[in-house]
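> Here's my sequence, what's the structure:
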Amino acid sequence: MCGIVGYVGPKKVVPVIIEGLRRLEYRGYDSAGIAVGSPSKPTLEVRRAPSKLHNLEEALAEHPLDGTYGIGHTRWATHGRPTEENAHPHRDCTGRIVVVHNGIVENYLDLKRELAAQGHRFVTETDTEIIAHLIEQVQQDAEAAGAPIPLEVAVRRAVKRLTGAFALGILSAAEPNKIIAARSGPPVVIGVGDGESFVASDVPGILHHTRKIYFLADGDMAILTPAGVQLTDFEGGTIQRPLTHIQWDPIQAEKGGYKHFMLKEIWEQPRAIRDTTLGRVSLDSGKVFLGEMEIPDEELAAATSINIAACGTSWHAGLAGKYMIERLARLPVDVDYASEYRYRDPIADAHALGLLITQSGETADTLAAQREMKNLGSKTVAICNVVGAMVAREAHGAVYTHAGPEIGVASTKAFTSQLTALFLLALKLGQLRGKLDVAQSVALIEELSRIPAKVEEVLRSCSGQCEQLAREFSNARDFLYLGRGIHFPIALEGALKLKEISYIHAEGYPAGEMKHGPNALIDESLPVVVLATRDEKDPASKLRYEKTLSNIQEVTARSGRVIAVATEGDTTIGGLVEHVIHIPSTIELLAPLIEIVPLQLLSYYIAVRRGCDVDQPRNLAKSVTVE
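Predicted coordinates for the structure are as follows:
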């Protein structure tokens, strides 16, 4: 959740860290801080500020810092209010040790009482502060025993006493030009340069300086100096991790002339869908190739069921994926909130396949669900946007989405890329299980190949209309989103987008359930967004459409204001509703990739009109790395 950037090398350290923090501010923006050291100074200099990063930049303009090594942090508050006092970095009693931290130390109160009894003084409400004091105490104990220890040894001894989740960056003025990083839960990436080393909580924070990245695993520690990086475990043993070459173009992480990252990422969806499909399908044979899948085809074909676990937007993708997989592969699928999966005492089935969906690949709840699935004997597959992320490393196979960096907290292109990956997996399973012949497969792949152009068409044709609708509905207090079948997860996602960035209460609901309670909410002030698309060649789709028209009439009969998303050429629906957004036709299983786009645009323009911070909505962070 929090953003961490550290640097040691020949460059001016403050600009490197501030630039990196700016690229990671989507991970947390309650407060920010930086610590800088130099071999000529006995202590580390610290600047901190509440709220967003620009406040820290103003503090640095008034009181500049300079040094050869340093570490910075943007915070998403867990313990303690978002004040300057509680901002990272945190110091020990001497001011010679500083710590930045992403995660939660669950036993911090016990440790705090113990350290206070030993004479340590605490000045913040955070759990992080105890880590600095714990390292200080470990070193004091070693010195008292006549066996002084270097910083990395003290950190190893300290982290063994922590319970919970942590990604740490640690400096000591006593050992200049050295940064210690450690991971147990939240992500840590290490960058390797020419005579310089970097640490960050996510790749974009250091991507402008190096594409050579180590991804730390749980229990890993890194010792960074200008001469290079040494990787060890918490016992001090040397370990090897693959050095990954990141393919993202750093320019992808810039706004590129768009007002917000979210708008840029909405417009990048055609490219993201193409890139997720590229090289994985054959238009001639209809075959699907998933190169990172390590599970043999015969094992995939023999799976008795699929258990999907995900959070937030990824959970909505999983719900849509259930319809895809069950329809194309005739394989039963359960979809769980990852945060609930391991607490419901799931039933063991070694022949079930676990499927984890996560943009970052580091979501703590999703990783916990994956480990529970593996404990139950299931093999797992990850759908993930970050090559080398923890969920992919722990899985038996991965389907990377290739969406590129997604900076806006409210996910857009990651969602449509996940839908694309799920469709590919459904095709693969359908082929392996003998449920799809060559002709069917080729037809489905041909339609998938048309989706990027259809999304581009929606972006061009619907943006102005969505902006106009935002003018009309931006003052609404509530929204209702309705859909049937595979469109129900899209209703949920449309509602989530609106509430995330505009702070309007919104709820997604199955259209057929309206008469079982929600009809009571409808009046002349309630906008109701209805997904009413259809596939003319699919009798089941036409039946669902007709049922949805009945639901629309239930709403309008009670004076509800309906915004319908309908298929081009539909002349019936216009006479029933106040507003219609038309989108290109496609098969029903691929319609979600198109119909979510106007819902994203509507949410975006409503949030802009309400003056909301679109890219960094309050109380949210991009990657939730604690349970």
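> Adjacent strands (with direction) for the helix or strand of the chain with the lowest mean pLDDT?
Among the helical and strand segments of the chain, the one scoring lowest on mean pLDDT, DSSP states H and E is strand 244-245, with a mean of 87. According to DSSP bridges, strand 244-245 has the following sheet partners: strand 212-215 (antiparallel).
> Let me see the residues that make contact with the strand it pairs with.
Strand 212-215 is contacted from outside by 187-193, 203, 206, 222, 229, 231, 241-246, 388-390, 393, using CB atoms under 8 Å, 6 or more residues apart in numbering. From N, CA and C alone the C-beta is placed, and that goes for glycine too.
> and with 7 Å instead?
For strand 212-215, contacts defined as CB atoms under 7 Å, 6 or more residues apart in numbering pick out 189-192, 203, 229, 231, 241, 243-246, 388-389.
> next structured bit after it?
Following the chain from strand 212-215 toward its C-terminal end, the next helix or strand by DSSP states H and E is strand 220-225.
> Now the helix or strand following that next one: average pLDDT?
Using DSSP H and E, the helix or strand that follows strand 220-225 in sequence is strand 228-233. Mean per-residue pLDDT for strand 228-233: 96.
> Could you list the buried residues of strand 228-233?
In terms of neighbour count (16 or more other CB atoms under 10 Å), strand 228-233 has its buried residues at 229, 231, 232.
> quick check: angle from that strand to strand 220-225?
160 degrees (axes from the mean of the first three to the mean of the last three CA atoms, to 10 degrees).
> and strand 228-233, what other elements does it pack with?
In this structure, strand 228-233 makes packing contacts with strand 220-225, judged by 3 or more CB pairs under 7 Å, 6 or more residues apart in numbering; DSSP states H and E.
> tell me how far the strand it packs on is from the chain's mean position?
Between the centre of strand 220-225 and the centre of its chain there are 25 Å (CA atoms, centre = their mean, to the nearest Å).
> For stretch 484-500, give the mean pLDDT please.
The predicted model assigns stretch 484-500 a mean pLDDT of 97.
> where in the stretch 101-250 of the chain is pLDDT low?
Applying pLDDT under 70 to the stretch 101-250 of the chain picks out residues 248-250.
> in it, which spans are helices?
Counting by DSSP state H, counting those that start in this stretch, the stretch 101-250 of the chain has helices at residues 108-117, 129-144, 151-159.
> Tell me the spacing between residue 586 and residue 53.
Distance check for residue 586 against residue 53: by CB to CB, to the nearest Å, it reads 42 Å.
> and if you look at residue 619?
Note on residue 619: its distance to residue 53, by CB to CB, is 17 Å.
> same question, residue 533
42 Å.
> Between these two, which is the more surrounded one?
Counted by other CB atoms under 10 Å, residue 533 and residue 53 do not tie: residue 533 has more neighbours, with 28 against 20.
> and the more buried one, how far is that from residue 130?
Between residue 533 and residue 130 the computed distance is 54 Å (CB to CB).
> hang on, the earlier thing: contacting residues around the least confident helix or strand of the chain?
Against strand 244-245 from outside (CB under 7 Å, 6+ apart): 211, 212, 213, 215, 387, 388.
> and the fourth one, how many neighbours?
Just to be clear, that refers to residue 215. 24.
> now it, which residues is it bridged with?
Those that pair with residue 215 in a beta bridge, by DSSP bridges, are residue 189.
> how about low-confidence regions in the protein?
Counting by pLDDT under 70, the ranges of the chain that qualify are 1, 26-29, 76-82, 248-256, 621-627.
> who are the neighbours of the host helix or strand of residue 334, in terms of helices and strands?
Using DSSP H and E, the secondary-structure element containing residue 334 is strand 333-337. For strand 333-337, the elements it packs on are strand 305-310, helix 312-329, judged by 3+ CB pairs under 7 Å, 6+ apart.
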